[in-house]
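Chemist: Show me how the following folds:
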Amino acid sequence: MNAFKASLKKYPLMTNVGTAWVIMSVGDGVAQQLEKKPTIDMKRNLVASSWNSLIVAPAFFYWFGFLDRRYPKVVLNQILKKVIINQAVVTLPLNAGFLLFTYTFEKLWNRQTPNKNEIMAKLNLDLNSLIGSSLMFWLPVNTMNFVFVPPQYRVLPTIFASLVWATYLSLVGHRPTKET
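Modeler: Residues are numbered from 1 along each chain as shown. Sure, this is the predicted structure:
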């Protein structure tokens, strides 16, 4: 743990990115086991892990920093503002982004052309329930995060809570639609 803290202090962004990669890789691996896959689909796992490490971790690293500068006090009204603003800003783009990113890059990796009708069917099928589930999961996580966790460590609880979320997100993101 001391080496991790030292890495976080010396290389905060890269430590968060690497941790996010591992968490999503494990989360997708768990999802694939729950789906009773005979072997882990490494392409799928790589795409999902890329999303979490290349998009989500850096975005939250800078986003949480902005929120902490804008609302620096740990008082109820500022915590509520941070949590509500966070959910209002990130819920739709991150959930839709995951569905679009994984669909597109998995298709491209398999030398297939992404199909607009397929992705629209996926968004129509899953996005609304995914947003609702996201709010129910992340509102309490982020509230506790902003109340109890020092700013320099805020991305980490998000990443670790992401293990549960990543498993769920991967299950939803890879659930077939009627058209696939």
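
Chemist: Quick one: neighbours of Ile119, just the number.
Modeler: A count of neighbours around Ile119, defined by other C-beta atoms under 10 Å, yields 18. For the C-beta atoms, the positions are set from N, CA and C on the backbone; glycine is no exception.

Chemist: Check the contact between it and Thr102; I expect there is one.
Modeler: No: contact criterion C-beta atoms under 8 Å: Ile119 and Thr102 do not qualify, at 10.3 Å.

Chemist: what does the helix or strand of the chain with the lowest mean pLDDT contact?
Modeler: When each helix and strand of the chain is scored by mean pLDDT, DSSP states H and E, helix 155-173 comes last, with a mean of 85. Helix 155-173 is touched from outside by 8, 12, 16, 19-20, 23-24, 26-28, 30-32, 34-35, 48, 52, 56-57, 60-61, 64, 95, 98-99, 102-103, 126, 129-130, 133-134, 137-138, 141-142, 144-145, 149, with contacts defined as C-beta atoms under 8 Å, 6 or more residues apart in numbering.

Chemist: which among the residues you listed end up buried?
Modeler: Buried by 16 or more other C-beta atoms under 10 Å: 8, 16, 19-20, 23-24, 26-28, 30-32, 48, 52, 56-57, 60-61, 64, 95, 98-99, 102-103, 126, 130, 133-134, 137-138, 141-142, 145, 149, out of the contacts of helix 155-173.

Chemist: Please report how far the closest residue to Val141 other than its chain neighbours lies from Arg44.
Modeler: Spatial nearest neighbour of Val141, chain neighbours left out: Ala161 (4.6 Å); criterion: C-beta to C-beta, 6 or more residues apart in numbering. Going from Ala161 to Arg44 by C-beta to C-beta, to the nearest Å gives 22 Å.

Chemist: For Asp126, give me its contacts.
Modeler: For Asp126, the contacting residues are Leu99, Val172, Gly173, Arg175, by C-beta under 8 Å, 6+ apart.

Chemist: go with 7 Å
Modeler: Taking C-beta atoms under 7 Å, 6 or more residues apart in numbering, we find Asp126 in contact with Leu99, Val172, Arg175.

Chemist: show me what contacts the last one?
Modeler: In this case it means Arg175. By C-beta under 7 Å, 6+ apart, Arg175 lies in contact with Asp126.

Chemist: What pLDDT is listed against it?
Modeler: At Arg175, the predicted lDDT confidence score is 88.

Chemist: So what does it look like in phi/psi?
Modeler: The phi/psi pair for Arg175 (degrees, to the nearest 10) reads phi -70, psi 130.

Chemist: Can you name the residues that contact Pro114?
Modeler: The neighbours of Pro114, taking C-beta under 7 Å, 6+ apart as the test, are Tyr103, Thr104, Lys107, Leu108.

Chemist: Restricted to strands, list the residues you listed.
Modeler: The strands, defined by DSSP state E, take in nothing from the contacts of Pro114.

Chemist: That's all I had, so thanks and see you.
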